[in-house]
Structures are given as C-alpha cells and as structure tokens.
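Enquirer: Need a 3D model of the sequence below.
(one chain, ligands or ions: 1)
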Amino acid sequence: MKKKKRKKTIPYKEIKNFLTKDCIPVRLEGDAIPNKFKNLVKKKKCYVYASGIEDFSSDTYDPNHSGIQFGGLQIYRDATMDPEPYLFNVDGYSMIIDSTTSIEIDLIGPEKTINHWTNTIASGLTGAKVQFHKFPKCPNCGNIIGDVAICNYCGWIRSK
Ligand SMILES: [Zn+2]
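Expert: Got it, this is the predicted structure:
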C-alpha cells in the first residue's frame, strides 16, 4: 500500500530572514534550521539548503498548490551508513506561500530527483553562506548581520 505523504508546513517567520532579492541559496545550521527538521538533523548529519525570493508579490500564483512558489529547501542527508554506495541522499521541497496571509509555508515534497543518491553537493550550493541564527538580518533595521551580536548599522544588540 502506498503511504500517504503528510503535508509539511513551516512558519514563514522561520525562513523569511534567509530570503534574498535574487534567491541566493544559504546553508542553515543550528538555530537557523526550521523546527520541523531539527529532529532529523539531530539523528543524522544533514546539510540543509534554503533559497527563496524576498519579494514574492510579483511571482506567479500556482493554482495546483493554492499559493506562490517562492523558493525551495534541499536536504542532503549523510548516507554513508546506508547500503547504497553514496555519500548523500537528497530530498527537495518546493516552498509555497499563501500570499494573502504569509503565515505558513507549505512544503511540497520530498521530490526525489534522478540525483537522489549522490556523492556531490550541487555546484550552485557548495559555496552557500552558512547561517547559524534565526535572525541573520537585524530585526530592527534589516541590515544583514549574520551571526554577530551587534548590528553595526543601528546598534541593535542580540539577546542571548
Ligand atoms: Zn540594525
């Protein structure tokens, strides 16, 4: 019997800080990983990549998923303990948002591509900037601050 896929959703606020104007991928670590995947990354070593466009208002509505597809998640799971002779297996998710509410994101997938089993991380992802915190952008002024404690643009200080 075919197992029915449960729909995954993640709060928009868990991903919005990693969106860029031109959909540049980032690699998420630690606190930056959406809660939905925290258990997975505790159990297995994973590389979690996210990419998405900051201003999705001009993107096209996808009637099949009742929302706008504005980005994606790629999860490379360590497969060295699996019987298959590969380093990773890859699952991809499309991120769909209902632009009227912008509260939750539907993850469509996992899509298993032809490269589901692989030894290499896709060339577009290898140099991705690593984000450790939920808020790489200053929540006060929007300046990109990465994982530093103080925004040197407006002086905002990260609380522990
Ligand atoms: Zn700031």
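Enquirer: so who does the most centrally placed residue in the chain touch?
Expert: Centroid-nearest residue in the chain, with C-alpha atoms, centre = their mean: Ala50, separated by 3.0 Å. If a contact means C-beta atoms under 8 Å, 6 or more residues apart in numbering, then Ala50 has 15, 18, 25-26, 28, 71-74 as its contacts. Where C-beta positions appear, they are placed from N, C-alpha and C, glycine not excepted.
Enquirer: quick one: secondary structure of it?
Expert: Here Ala50 takes the strand state, with states given by DSSP: H, G, I helix; E, B strand; the rest coil.
Enquirer: bridging residues for it?
Expert: On the basis of DSSP bridges, Ala50 is bridged to Val26, Leu73.
Enquirer: And the pLDDT at it?
Expert: Model confidence at Ala50, given as pLDDT, is 96.
Enquirer: Next, find the distance separating it from the ion.
Expert: Applying C-beta to the ion, to the nearest Å, the value for Ala50 to the ion is 22 Å.
Enquirer: The chain should start at 395 in everything you say after this.
Expert: Sure thing, new numbering starts at 395, so read that last one as Ala444.
Enquirer: Please, where are all the strands along the protein?
Expert: Along the chain, counting by DSSP state E, strands occupy 402-405, 420-422, 440-446, 455-456, 461-472, 482-491, 498-505, 511-512, 523-525.
Enquirer: looking at those strands, which is buried most?
Expert: strand 420-422 (a mean of 24; mean count of other C-beta atoms under 10 Å).
Enquirer: ok, and what's touching it?
Expert: With C-beta under 8 Å, 6+ apart as the criterion, strand 420-422 contacts 412, 414, 428, 441-445, 519, 522-525.
Enquirer: Would you format those residues as JSON lines with distance to Lys531 included?
Expert: Formatted as JSON lines, the contacts of strand 420-422 follow (distance: C-beta to C-beta, whole Å):
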{"residue": "Phe412", "distance to Lys531": "9"}
{"residue": "Thr414", "distance to Lys531": "10"}
{"residue": "Pro428", "distance to Lys531": "16"}
{"residue": "Tyr441", "distance to Lys531": "22"}
{"residue": "Val442", "distance to Lys531": "18"}
{"residue": "Tyr443", "distance to Lys531": "18"}
{"residue": "Ala444", "distance to Lys531": "14"}
{"residue": "Ser445", "distance to Lys531": "16"}
{"residue": "Leu519", "distance to Lys531": "21"}
{"residue": "Ala522", "distance to Lys531": "16"}
{"residue": "Lys523", "distance to Lys531": "13"}
{"residue": "Val524", "distance to Lys531": "15"}
{"residue": "Gln525", "distance to Lys531": "10"}
